[in-house]
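> everything below, folded, please.
(4 chains)
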Protein chains: 2
Amino acid sequence: MRKLPAKLASQLYGAAELIAERGLDGTKIEDIAEATGIPKATIYYHLDGKNAVLEFLLSDLLDMIAGAVGVAVSSAEDARTRLEAAVVAQLGVMLEHPFLCRALVGDLGRATRLPELALALRAAFYEPIEQLLADGVADGSLRQVPNPGAVALSVFGAITVAGLTAAVEGPSDDPSADAVRLSASISELIFDGLATRPRRGDCEPGDGA
Amino acid sequence: MRKLPAKLASQLYGAAELIAERGLDGTKIEDIAEATGIPKATIYYHLDGKNAVLEFLLSDLLDMIAGAVGVAVSSAEDARTRLEAAVVAQLGVMLEHPFLCRALVGDLGRATRLPELALALRAAFYEPIEQLLADGVADGSLRQVPNPGAVALSVFGAITVAGLTAAVEGPSDDPSADAVRLSASISELIFDGLATRPRRGDCEPGDGA
DNA sequence: TCGTATGTTGTACTGCAATTACAAACCAGT
DNA sequence: ACTGGTTTGTAATTGCAGTACAACATACGA
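Reported below is the predicted structural model:
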């Protein structure tokens, strides 16, 4: 696995949609060759095989996410605000790259069995959240919870599943607007919960139960 | 795909761990034959191939989850309480069957490409939650949110990712205790959120609900 | 200009594993 | 014992990933 020339790298993206659609199994190396215009022999010259194609595409996605989230997280705001920004950032990248997301979901199993990717996955998705939750307790902007690990995981799940689903359901014409909208819903859930009682803004106009 | 005899069905579970460990790709039909004691030819007589093995195992898991959640959901309590019960139920089944869960995560892509399973997945995980959120708004036990679909998805993600991760991380000696513990954390997140306090001009917290 | 190193690509080949074919048992139930 | 479903061993058959390799291209320094 040398470091693949830029031109080939960009051509390789032509395979993303194919893989997203049919899964890696359902995609022959020949198909990838045809879709990208890179001959099979050349693919094998640079990459170690089919998995490596997926690995290349996904590690790129994960880097983008980790990067965007990283920026969001390193502002000077309090942890709560940064978490909100991180949600927007993550969803933004995901909705920007629906095919890569679909490929990721579709071959999640393979991805988690590729050691590099497993790490990148953790780094992109889970670790920033875990950190923010800890920061939030420290700076008082988030509540202390009894089981931070489990909660971080749930928050991660809430964001990621919503984002993945949105990405899978159909590319939109304005991804970043969608990201903002979606992340507003998610943040509301994460911060304020669903219970009727501790409510913000207005008091429950309805009757007491 | 006739309905496979009970004896074979039970033997087939012997393949779950194998598939969980190595993924369906990494598992040869011969391996499955050996692990289950069912000869290859017999497997092919009853099932349509490797995918069908996975499909059988997973649809069973999903039925169990849908069943347990269904019971939890149909009690006479308010929606919030039922949602809490549903979380416990779902996590209970998941932690009870770690290998199947691992197989599910690992081959999620295949699963979602198997139409029957995709439906079962929806029915087991997502639909009950969606319903409960609506019920909760109706009976006043849950808050009205602007985008119920996205929120239901996030709640689903929060529960499922936490459960899946717990299942993947290692079988425990007391799954149902773990399920209760874990679901307490998740419910707390879902209902009360992470904000330090209900923000932005709150109804007096003391005034009883 | 040549030589060497490095990348590119076509073509043929190897090998593995899924699936299929098939025939020989093996059971009921009648 | 006959029949119709099941069970299983033993070959094929097939499709595709990965490999081998030779011919060609390009660059670059001597």
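> hmm, A:T81 and A:D139 touching each other?
No - using CB atoms under 8 Å, A:D139 is not in contact with A:T81, being 10.1 Å away. Bear in mind the C-beta positions are built from the backbone N, C-alpha and C, glycine included.
> do the helix or strand bottoming out on mean pLDDT in chain A and chain B meet at all?
Ranking every helix and strand in chain A by mean pLDDT, DSSP states H and E puts helix A:108-113 at the bottom, with a mean of 91. Yes - Helix A:108-113 reaches chain B (CB under 8 Å from any CB of the partner chain) through A:108-110, A:112-113.
> same thing with stretch A:7-19?
No - figure legend: stretch A:7-19 not in contact with chain B (CB under 8 Å from any CB); closest approach 9.9 Å.
> briefly note if that stretch comes near DNA strand C.
Yes - Stretch A:7-19 is in contact with DNA strand C by CB under 7 Å from any atom of the strand, via A:L8.
> buried set for that stretch?
Neighbour-count burial for stretch A:7-19, counted by 16 or more other CB atoms under 10 Å in any protein chain shown, picks out A:8, A:12-13, A:15-16, A:18-19.
> do stretch A:144-163 as well
A:145, A:147, A:150-163.
> off-centre distance for that stretch?
How far stretch A:144-163 lies from its chain's middle: 14 Å, per CA atoms, centre = their mean, to the nearest Å.
> near DNA strand C, which residues of chain A are found?
A:2, A:5, A:8, A:38-42, A:45-46.
> min pLDDT across these, which one?
Of all the residues of chain A next to DNA strand C, A:R2 carries the smallest pLDDT score, 53.
> so where's chain A shaky on pLDDT?
A:1-2, A:197-209 (pLDDT under 70).
> show me what from it comes close to DNA strand D.
Residues of chain A found near DNA strand D (CB under 7 Å from any atom of the strand) are A:27-30, A:40-41, A:44, A:48-51.
> of these, grab the buried ones for ChimeraX.
Of the residues of chain A next to DNA strand D, the buried ones go into a single ChimeraX selection, burial set by 16+ other CB under 10 Å:
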select /A:27,50,51
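> adding distance to A:D174, write the residues of chain A next to DNA strand D out as TSV.
Shown next, in TSV, are the residues of chain A next to DNA strand D (distance: CB to CB, whole Å):
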residue	distance to A:D174
A:T27	29
A:K28	35
A:I29	35
A:E30	36
A:K40	38
A:A41	41
A:Y44	39
A:D48	38
A:G49	37
A:K50	34
A:N51	34
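> the residues of chain A next to DNA strand D in helices, which ones?
A:29-30, A:40-41, A:44, A:50-51 (DSSP state H).
> so which residues of chain A form helices?
Under DSSP H, chain A gives helices at A:6-12, A:16-22, A:29-36, A:40-46, A:50-73, A:79-96, A:98-106, A:108-113, A:115-121, A:127-139, A:148-169, A:175-192.
> just the closest residue of chain A to DNA strand D, please.
In chain A, the residue found nearest to DNA strand D is A:G49; the distance is 3.0 Å by CB to the nearest atom of the strand.
> what's that residue sitting at in phi/psi?
Dihedral pair for A:G49: phi 140, psi -170, per degrees, to the nearest 10.
> now do the contacts for A:D25.
Applying CB atoms under 8 Å, 6 or more residues apart in numbering or on different chains to A:D25 gives the contacts B:25, B:110.
> now flag whichever of the residues of helix A:108-113 next to chain B is closest to chain B.
A:G109 (3.4 Å; CB to the nearest CB).
> correct me if wrong: the closest one contacts B:D107.
Yes - using CB under 8 Å, A:G109 is in contact with B:D107, at 5.1 Å.
> these two: which is more packed in?
B:D107 (29 against 24; other CB atoms under 10 Å in any protein chain shown).
> now A:D178: how far from chain B?
For A:D178, the distance to chain B (CB to the nearest CB, to the nearest Å) stands at 10 Å.
> isn't that residue right up against A:L95?
Yes - between A:D178 and A:L95 there is a contact at 5.4 Å, judged by CB under 8 Å.
> quick one: which of those two has more around it?
A:L95 (23 against 20).
> is it true that that one touches A:G163?
Yes - counting by CB under 8 Å, A:G163 is a contact partner of A:L95 at 7.0 Å.
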